[in-house]
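Participant: Let's see this in three dimensions:
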Amino acid sequence: MGRKAKPTSVKILDGSQNCRINKREPKPPTGELTCPKDFKGAAKDKWHELVSLLSPMGLATRADSDLIQLYCNTWALHVECESQVRQQGVVLEDGRRSPWMHEWHRTAEFLRKLSSELGLSATSRAKIEVPAVDVLNLARPRS
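Facilitator: Prediction:
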């Protein structure tokens, strides 16, 4: 697996050659994201937190809605796993490791990957540039 492709706006800002710029890269529609009606508790709280955090940065579009939902559902499961581990302990009475610990680790890893996709980690944010102008128009030849 190679590197992830750079968005066109970043290529333009980096000064990439014109032939390497996708002039027809789709732009996701903007607009206010609404919290799914079936979200409750931790998932709903995380939805509002993420949307209020990502929207001002221009990183929450309707195209990202499913990814944000997946993050919130995984977050709610992670919170539940953490609660169960606190109640039962890391090691069960019979000496076995709690199955909730396995799920906790699984959800933590998935949240880390989703965080990177959404620009929630410091490393992923360092790779994102949000232009102040519509840089896609800068790549179009002028007549």
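
Participant: contacts, neighbours, all on C-alpha from now
Facilitator: Will do.

Participant: Just want the most central residue of this protein.
Facilitator: Nearest to the geometric centre of the chain sits Leu118, at 2.1 Å (Cα atoms, centre = their mean).

Participant: so that residue touches Leu59, yeah?
Facilitator: Yes: Leu118 lies in contact with Leu59 (Cα atoms under 8 Å); the separation is 7.3 Å.

Participant: so who does the residue nearest to the centre of the chain touch?
Facilitator: With contact taken as Cα atoms under 8 Å, 6 or more residues apart in numbering, Leu118 is in contact with Leu59, Leu67, Ile68.

Participant: doesn't Trp100 make contact with Val85?
Facilitator: Yes: if you go by Cα under 8 Å, Val85 and Trp100 touch, sitting 6.0 Å apart.

Participant: wait, what's in contact with Gln69?
Facilitator: Gln69 sits next to Pro36, Trp47 when contact means Cα under 8 Å, 6+ apart.

Participant: In helices, which of the contacts of Leu118 appear?
Facilitator: Using DSSP state H, the members of these that fall in helices are Leu67, Ile68.

Participant: Which one of the contacts of Leu118 is nearest to Leu114?
Facilitator: Lowest distance from Leu114 to those (Cα to Cα) belongs to Leu67, with 7.6 Å.

Participant: which residues does the closest one contact?
Facilitator: Leu114, Leu118.

Participant: quick one: it from Lys23, how far?
Facilitator: For Leu67, the distance to Lys23 equals 25 Å [Cα to Cα, to the nearest Å].

Participant: sorry, back to before: quick one, phi/psi of the residue nearest to the centre of the chain?
Facilitator: With angles defined as degrees, to the nearest 10, Leu118 sits at phi -90, psi 0.

Participant: Give me the below-cutoff pLDDT ranges for this protein.
Facilitator: Within the chain, the stretches with pLDDT under 70 are 1-2, 4-14, 16, 20, 25, 123, 125-143.
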